[in-house]
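Asks: kindly return the folded structure for what I paste below:
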Amino acid sequence: MRGKEVVLEKVSAKFGDFTAVHPTDLVVNAGEFFSILGPSGCGKTTMLRMISGFLSPAGGSIRIGEDTMLGVRPNQRPTALIFQNLALFPYMTVWENIAFGLEARGVNKAGRRKRALELIELVALSGEEMKKPDELSGGQRQRVAVARALAVEPSVLLLDEPLAALDLKLRQHMRAELRHIQRMTRVTFIYITHDQGEALTMSDRVAVMNHGRMEQVDTADRIYDHPSTPFVASFVGENNILKGRVTAIENGIATLESEFGILRGRTTPELAVGVDAMLFVRPEALKIGDESQSDNRVAVKPVRRDMEGAFVNWVLSTGERSLVAHMTKAADAKIDHNRSMHVGFAANDTIVMASGEIADTGGRVHEVAV
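Replies: Got it, this is the predicted structure:
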């Protein structure tokens with residue numbers, strides 16, 4: 001098996017007057033593990049349905065390899081789709097489930113069984129071929145679904161939140177399993193998820209989607225360290241936000257006037273003097289009680305200290321709002337809890353953007369107003 005390139009040019013989707021996906025250009029490289037990450041309702045599943053052929057675009061074109069998909073039915077495309085509910089046949093054995101698509105393509109029983117057993121070995125289910133789905137664990141059923149999709153030798157495997165129903169430890173295990181299978185087969189994976197951990201852990205590149213638009217397409221490291229919009233900065237990972245007004249920009253560093261005094265951080269291309277801005281700083285970049293000459297210092301009061309094994313999370317009050325700092329236990333042991341507390345952070349550990357929409361993250365963003 002070998003993956004093919006997927007190219008979208010000005011692809012859009014509409015349901016009546018509602019635009020689910022605005023005109024989008026996207027290239028997924030052959031053999032790439034590519035994730036589309038975003039909140040519910042952002043258009044990511046609609047994008048997957050257009051690639052698979054179950055939904056016709058309102059405009060634009062889709063190409064897989066050298067072939068345009070205009071007018072090509074789902075069962076004629078070089079794709080396979082794995083749904084969240086897996087849709088295994090309960091009365092078929094593992095090998096029969098895996099071989100089902102081959103039977104529809106006219107492969108004889110001996111050929112079907114041979115191919116199914118090869119895939120059973122690939123997904124580490126040897127010895128389980130005669131079991132029914134209800135005799136398997138959730139992770140094993142997930143592997144059967146992957147093997148069934150691979151049986152028809154797709155060039156592109158489309159996965160629609162396939163790990164959502166699994167518990168945390170099993171999800172973490174299956175991330176590694178899926179990545180291993182993708183590397184072994186070199187099939188192009190396009191993976192839909194709202195879980196940033198899945199996207200960042202498995203993917204060669206990630207597209208962050210919001211309101212039917214792709215706000216950033218980049219590697220996981222770039223998206224985490226260099227988000228291009230306030231939505232991406234707030235949706236991916238945990239962040240503290242301090243607000244202010246830009247008073248100067250020099251040598252890639254923006255100066256903000258805020259209620260905490262002067263703050264400095266890395267600038268972004270669209271930033272201009274005089275605009276309202278947001279300074280984003282990750283919890284791991286905050287230093288509590290830092291007596292060094294930090295670029296930025298903010299007075300805080302401790303609210304709560306949460307110990308999580310080797311790490312400690314501090315919730316700190318600035319007055320009306322809170323900041324969160326993450327640190328090792330060794331760093332935490334050096335904090336003098338009896339003195340007035342400050343947090344310090346370097347300008348290069350932040351990013352400053354013009355004020356804009358931030359994600360509703362259920363507490364992963366800690367916003368401090370002017």
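Asks: now the strand or helix carrying R245: buried residues?
Replies: Per DSSP states H and E: R245 is located in strand 239-250. Using 16 or more other C-beta atoms under 10 Å as the test for burial, strand 239-250 gives 239-244, 246. No exception for glycine: its C-beta is placed from N, CA and C like everyone else's.
Asks: likewise for stretch 112-128?
Replies: 112-113, 115-117, 119-120, 122-123, 125, 128.
Asks: please tabulate these in CSV, including the columns secondary structure, pLDDT and distance to R141.
Replies: Output for the buried residues of stretch 112-128, formatted as CSV (DSSP: H, G, I helix; E, B strand; the rest coil; pLDDT from 0 to 100; distance: C-beta to C-beta, whole Å):
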residue, secondary structure, pLDDT, distance to R141
R112, helix, 86, 20
R113, helix, 88, 20
R115, helix, 88, 20
A116, helix, 88, 15
L117, helix, 89, 18
L119, helix, 88, 14
I120, helix, 88, 13
L122, helix, 84, 16
V123, coil, 84, 11
L125, coil, 86, 10
E128, coil, 85, 10
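Asks: columns distance to T318 on top of the residues you listed, output as JSON lines?
Replies: Output for those, formatted as JSON lines (distance: C-beta to C-beta, whole Å):
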{"residue": "R112", "distance to T318": "64"}
{"residue": "R113", "distance to T318": "66"}
{"residue": "R115", "distance to T318": "61"}
{"residue": "A116", "distance to T318": "60"}
{"residue": "L117", "distance to T318": "62"}
{"residue": "L119", "distance to T318": "56"}
{"residue": "I120", "distance to T318": "57"}
{"residue": "L122", "distance to T318": "53"}
{"residue": "V123", "distance to T318": "50"}
{"residue": "L125", "distance to T318": "53"}
{"residue": "E128", "distance to T318": "55"}
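Asks: now, which of those residues sits nearest H22?
Replies: V123 (37.3 Å; C-beta to C-beta).
Asks: distance check, the closest one against V144.
Replies: Look at V123 and V144: by C-beta to C-beta, to the nearest Å, they are 8 Å apart.
Asks: and the helices in the stretch 251-370 of the chain?
Replies: 329-332 (DSSP state H, counting those that start in this stretch).
Asks: the strand holding R245 pairs with which strands?
Replies: strand 253-258 (antiparallel), strand 276-281 (antiparallel), strand 365-368 (parallel) (DSSP bridges).
Asks: how far off centre is that strand?
Replies: 27 Å (C-alpha atoms, centre = their mean, to the nearest Å).
Asks: restricting to C-alpha, output that strand in CSV.
Replies: The C-alpha trace of strand 239-250 is given here as CSV (Å, rounded to 0.1, in the frame of the first residue of the first chain):
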residue,chain,number,x,y,z
ASN,A,239,-2.5,29.6,27.9
ASN,A,240,-2.6,32.8,30.1
ILE,A,241,-3.8,35.9,28.4
LEU,A,242,-2.9,39.5,29.5
LYS,A,243,-4.5,42.4,27.6
GLY,A,244,-3.1,45.8,26.9
ARG,A,245,-2.5,48.4,24.2
VAL,A,246,0.5,48.4,21.9
THR,A,247,2.8,51.4,22.5
ALA,A,248,5.9,50.4,20.5
ILE,A,249,7.3,47.7,18.2
GLU,A,250,11.0,47.2,17.8
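Asks: how is this protein divided into domains?
Replies: 6-225, 236-368 (automatic domain parsing).
Asks: where among these is the average confidence lowest?
Replies: Per-segment mean pLDDT for the domains of the chain reaches its minimum on domain 236-368, at a mean of 85.
Asks: how far off centre is that domain?
Replies: Centroid separation for domain 236-368 versus its chain: 23 Å, with C-alpha atoms, centre = their mean.
Asks: repeat for stretch 152-163
Replies: The answer for stretch 152-163 is 17 Å, by C-alpha atoms, centre = their mean.
Asks: endpoints of that stretch, how far apart?
Replies: Length of stretch 152-163, first residue to last, C-alpha to C-alpha, to the nearest Å: 22 Å.
Asks: one more: stretch 219-236?
Replies: 12 Å.
Asks: max-length helix in the chain?
Replies: If you go by DSSP state H, the chain has its longest helix at helix 168-185.
Asks: grab the nearest non-local neighbour of S203.
Replies: In space, and not counting its chain neighbours, S203 is closest to S35: 4.1 Å by C-beta to C-beta, 6 or more residues apart in numbering.
Asks: what of L286?
Replies: Nearest to L286 is A325, by C-beta to C-beta, 6+ apart, at 3.9 Å.
Asks: surely that neighbour meets P283?
Replies: Yes: using C-beta atoms under 8 Å, A325 is in contact with P283, at 5.4 Å.
Asks: now do the shared contacts for the two.
Replies: N313 (C-beta atoms under 8 Å, 6 or more residues apart in numbering).
Asks: more neighbours: which of these two?
Replies: More crowded of A325 and P283, by other C-beta atoms under 10 Å: A325, with 24 against 20.
Asks: that one bridge partners, please.
Replies: Here A325, judged by DSSP bridges, has bridge partners W314.
Asks: any idea how far it is from M341?
Replies: Taking C-beta to C-beta, one finds A325 at 10 Å from M341.
Asks: now for these two: what residues contact both?
Replies: Counting by C-beta under 8 Å, 6+ apart, the residues touching both A325 and M341 are 288, 316.
Asks: any idea what L81 is bridged to?
Replies: Bridge pairing for L81 - DSSP bridges - gives L158.
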